[in-house]
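Asks: sequence? don't have it. structure:
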C-alpha cells in the first residue's frame, strides 16, 4: 500500500513555502529530506522539533506519523494523524495515512471509516477503490471487495495488484478458474509480482495439486525470500501433503521472520492437532485468534480439537463462532455433533 505524505517542497500551496523561514519550517524541510532518505528516526526527530515550535503545524504532525509508521510505532503514528485532523478536519492525507495504519494493525472497521471519509474527495481514484477492497476482503465481505477491485481495474487496467487481489477474492469464493484467470492476467502485466505466484499456489493447494503449489510458492519466494507469509504458505502446502516434520520447520522459520502472523499460529496449531496433541493445538489456535479473529478454518479446526478432547460444549460454541466468521465447514459439524 502507498502512504501519502505532504512534502512542502513539492506541494508549496500547502503553506510551508509561503511563510518566512521560521525555525519550524526549517526543521520540517529537514524532516522531509530525511524521510526521502529513509532515515526515519532522524525524520521523526526533525518533525518533533517543528511541532515543538509550532504545535498547530498540521503537515508536521502528518509527516511525523509517516516516519513513526515506518519504524513500526503505529499507536504513536495514529496519535499524530488524530492531531492533524483535530487541527484540520479536511486534511485528506491524514485520513489516508490513518486508514493505512489502521489496516496495518488489523483495525479494519476504523480503516473503513477513514476510507469512507475519503470517498467524496476521491470517487474516481483506483487507489481508493483498491484500498477499500483490501479492507473488505479482510472483513470477509467478499462481494463488496469484489466490487471494489473490479472498480479499481476499470479505472486502472494496468494495475497488476488489483487483478491479483480480485483473484484472491474469487479464490475465497471458491471460483478457482476465474481467480486463476485474474492472476494470470496480472502476471501478463508484471511477471515479477510475487503475490501473484503466492495466490496461484493457494489455488493449486485448494485443488489438491501440491506439485504445482510448490512450484508457484517457490517462484514467489525467489522474488521475495524474506516474505514471512510466503514461507508460512510453503509450510502449509507441505503440511497438506503430510510431511509434518518439514512443515513444522518451515512454519517456525516464518515465525522467526514475523511472529505476528495469525496464520502461522493456526498452522502450528493444526500440526499439533494432526499429531494428536489437542491441548497444544487449542493453545495455538487461541494464539492465532488473539492476533486476528478472521482467519480461515481457524474456528472449525479449533472446535474439532475441543471435540477430540471431549469438551463438547466448548466445541459447539467454537463452531458457532466459526459460522459467524464465515468458516463454512462449521455448519455441517454443528449439524452432525451439536444438539
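Replies: Good, I have the coordinates. Only a predicted model underlies this, so the values are computations on that prediction, with no experimental measurement involved.

Asks: Model confidence score at residue 23, please.
Replies: You'll see residue 23 listed with a pLDDT of 87.

Asks: Same question for residue 1.
Replies: Value for residue 1, per-residue pLDDT: 37.

Asks: what's the answer for residue 324, then?
Replies: For residue 324, pLDDT reads 77.

Asks: Could you number the chain from 647 rather than 1 from now on?
Replies: Will do, 647 is the new start, and the previous item becomes residue 970.

Asks: State the distance from it to residue 776.
Replies: 27 Å (Cβ to Cβ, to the nearest Å). (C-beta placed from N, C-alpha, C; glycine too.)

Asks: again with residue 699
Replies: 37 Å.

Asks: for residue 909, same thing?
Replies: The value you get for residue 909 to residue 776, if Cβ to Cβ is used, is 22 Å.

Asks: do the same with residue 921
Replies: 41 Å.

Asks: Show me which of those two is the more surrounded one.
Replies: Set residue 921 next to residue 776 and count neighbours by other Cβ atoms under 10 Å: residue 776 wins out with 23 against 12.

Asks: State the helix or strand in which that one lies.
Replies: According to DSSP states H and E, residue 776 maps onto helix 772-784.

Asks: Off-centre distance for that helix?
Replies: 11 Å (Cα atoms, centre = their mean, to the nearest Å).

Asks: before we move on, what about stretch 745-754?
Replies: 8 Å.

Asks: low-confidence ranges in this structure?
Replies: 647-667 (pLDDT under 70).

Asks: Please tell me how far the most centrally placed residue in it sits from residue 780.
Replies: Geometric centre of the chain, nearest residue: residue 750, 5.8 Å, by Cα atoms, centre = their mean. Between residue 750 and residue 780 the computed distance is 11 Å (Cβ to Cβ).

Asks: need the contact list for the residue nearest to the centre of the chain.
Replies: 715, 720 (Cβ atoms under 8 Å, 6 or more residues apart in numbering).

Asks: Measure how buried the closest residue to residue 869 other than its chain neighbours is and give me the count.
Replies: In space, residue 869 comes closest to residue 840 once its chain neighbours are excluded; the distance is 3.9 Å by Cβ to Cβ, 6 or more residues apart in numbering. Applying other Cβ under 10 Å, we find 19 residues neighbouring residue 840.

Asks: With residue 980 instead?
Replies: Residue 980 has 18 neighbouring residues, counting by other Cβ under 10 Å.

Asks: Check which helix or strand it maps to.
Replies: helix 975-983.

Asks: and that helix, what does it pack onto?
Replies: helix 944-954, helix 958-970 (3 or more Cβ pairs under 8 Å, 6 or more residues apart in numbering; DSSP states H and E).
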